[in-house]
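> Predicted model follows, preceded by the sequence.
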Amino acid sequence: MRLDLVLHRLCLFKTRSQAGKACDQGRVRLNGESTKASRTVAVGDKIIFRDPTERFEKEVEILSLPEKQVSKAQAKELYREIANHRVETPWEN
């Protein structure tokens, strides 16, 4: 499943286009590498991303891929949050 679609369906970004822009701007890493929105995500992959405001950085591990859009509560069961912290420095590519 595409990275931008996974980020949207897991309610980590409000829209798929917002997730795609974050990938294009280099604010998303898949397994430690900057990546495009079209990159395929698998169970066990780790995603690190900056929220749209650039104030928080999250790292999550994918436990299961959503087949369709799910509620925020259901989405939280599909990934495990590894880290979530406030950042003051710009993202380094």
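Arrived safely, thanks for sending.
> ranges for the helices of this structure?
Assigned by DSSP state H, the helices in the chain fall at 3-9, 16-24, 72-75.
> For Arg55, which of those is the nearest?
Closest approach to Arg55 among the helices of the chain (Cβ to Cβ): helix 16-24, 13.5 Å. Placement of C-beta: from N, CA and C, glycine included.
> And the strands in this protein, which stretches?
28-30, 33-34, 46-50, 56-62, 79-86 (DSSP state E).
> Now do stretch 10-19: distance from first to last residue.
Distance across stretch 10-19, first residue to last, is 11 Å (Cα to Cα, to the nearest Å).
> Neighbours of Thr15, how many?
Each residue near Thr15 was counted by other Cβ atoms under 10 Å, and the total is 12.
> Gln69 too?
Neighbour tally, Gln69, other Cβ under 10 Å: 12.
> Could I get the pLDDT score of it?
On the pLDDT scale, Gln69 is placed at 90.
> That one - nearest residue in space that isn't next to it in sequence?
Of all residues not flanking Gln69 in the chain, Arg9 sits nearest, at 5.6 Å (Cβ to Cβ, 6 or more residues apart in numbering).
> quick one: pLDDT of that neighbour?
According to the prediction, Arg9 has pLDDT 96.
> List the buried residues in stretch 44-54.
Neighbour-count burial for stretch 44-54 flags Asp45, Lys46, Ile47, Ile48, Phe49, Arg50, Asp51 (criterion: 16 or more other Cβ atoms under 10 Å).
> low-confidence ranges in the protein?
Low-confidence segments of the chain (pLDDT under 70): 52-54, 89-93.
> Throw the buried residues of stretch 44-54 into a markdown table and include distance to Pro66, thanks.
As requested, the buried residues of stretch 44-54 are arranged in a markdown table below (distance: Cβ to Cβ, whole Å):
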| residue | distance to Pro66 |
| --- | --- |
| Asp45 | 14 |
| Lys46 | 17 |
| Ile47 | 14 |
| Ile48 | 19 |
| Phe49 | 17 |
| Arg50 | 22 |
| Asp51 | 20 |
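> sorry, back to before: buried deepest among the helices of the chain, which one?
Highest mean neighbour count of these: helix 3-9, a mean of 23 (counted as mean count of other Cβ atoms under 10 Å).
> Alright, I will stop here.
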